[in-house]
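*Asks:* Generate coordinates for the sequence data below:
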Amino acid sequence: MLSAWSDHDDDLLRQNVKKFMKNSHELQDSEWEEISSSPGFVQKRSPYECKMRWDVINVEFSGTKGSWTQEEDDTIMACKNGGIQKWSDIAKLLPGRVGKQIRERWQNHLDPTLKKTEWTIEEDLLLLELQKKQGNRWMMIARGIDGRRWEHAIHTNSTHLLIGYYSKFNSIR
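*Replies:* Got it, this is the predicted structure:
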């Protein structure tokens, strides 16, 4: 397993990316290949790892992170409604944001199919039944509960276990 990026590796990545950045174009795969093979990294990194890390530290460096604006939310909604499916394509329209941030914003806040209400007793019982059948395969479980994400299913299940829902469920069956 790879170790975390050190400050030294981040600095080296910044230096190498600056060498290739001309006219603020997006780097090509061959350029990421060269960057990843540059001497000096504490641990060997793949081109993909370098690009993903650049997306993180570039956002940090540019200072664009934190709270989402209504304009950003509106742009995401317009893109999704207009048929743009690739998060990276949407990110090009939102300077300082990366595809991963946009995907998480959509999935956790903007998706109109997402239920934001309290879980119903029926959903609770369905969640416990699915967990009993599926084990801890939370993505599979969440697919069986309309409008709920797997992270919400985990949180709800653990909360209910703490307050004794599981024993209540078993007594109902």
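
*Asks:* Would you map the helices across the protein?
*Replies:* Counting by DSSP state H, the chain has helices at residues 7-20, 29-36, 47-62, 70-81, 87-91, 99-105, 121-134, 138-143, 150-162, 165-172.

*Asks:* I'd like these as a markdown table, with distance to P112 appended.
*Replies:* For the C-beta atoms, the positions are set from N, CA and C on the backbone; glycine is no exception. Formatted as a markdown table, these follow (distance: least, Cβ to Cβ, whole Å):
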| stretch | distance to P112 |
| --- | --- |
| helix 7-20 | 37 |
| helix 29-36 | 35 |
| helix 47-62 | 27 |
| helix 70-81 | 9 |
| helix 87-91 | 16 |
| helix 99-105 | 13 |
| helix 121-134 | 18 |
| helix 138-143 | 17 |
| helix 150-162 | 16 |
| helix 165-172 | 29 |
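
*Asks:* Kindly reformat these as CSV containing mean neighbour count and mean pLDDT.
*Replies:* Below are these laid out as CSV (neighbours: other Cβ atoms under 10 Å; pLDDT from 0 to 100):
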stretch, mean neighbour count, mean pLDDT
helix 7-20, 15, 87
helix 29-36, 16, 89
helix 47-62, 16, 77
helix 70-81, 14, 95
helix 87-91, 17, 90
helix 99-105, 17, 88
helix 121-134, 16, 84
helix 138-143, 17, 79
helix 150-162, 15, 61
helix 165-172, 12, 55
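
*Asks:* Relative to T113, which of these is closest?
*Replies:* T113 sits nearest to helix 70-81 of all the helices of the chain, at 11.3 Å, using Cβ to Cβ.

*Asks:* which residues touch L130?
*Replies:* By Cβ atoms under 8 Å, 6 or more residues apart in numbering, L130 lies in contact with M140, I141, G144, I145.

*Asks:* from those residues, which single one is nearest D73?
*Replies:* For the contacts of L130, the nearest to D73 is I145 (25.1 Å; Cβ to Cβ).

*Asks:* Quick check on the closest one: phi, psi?
*Replies:* Dihedral pair for I145: phi -120, psi 100, per degrees, to the nearest 10.
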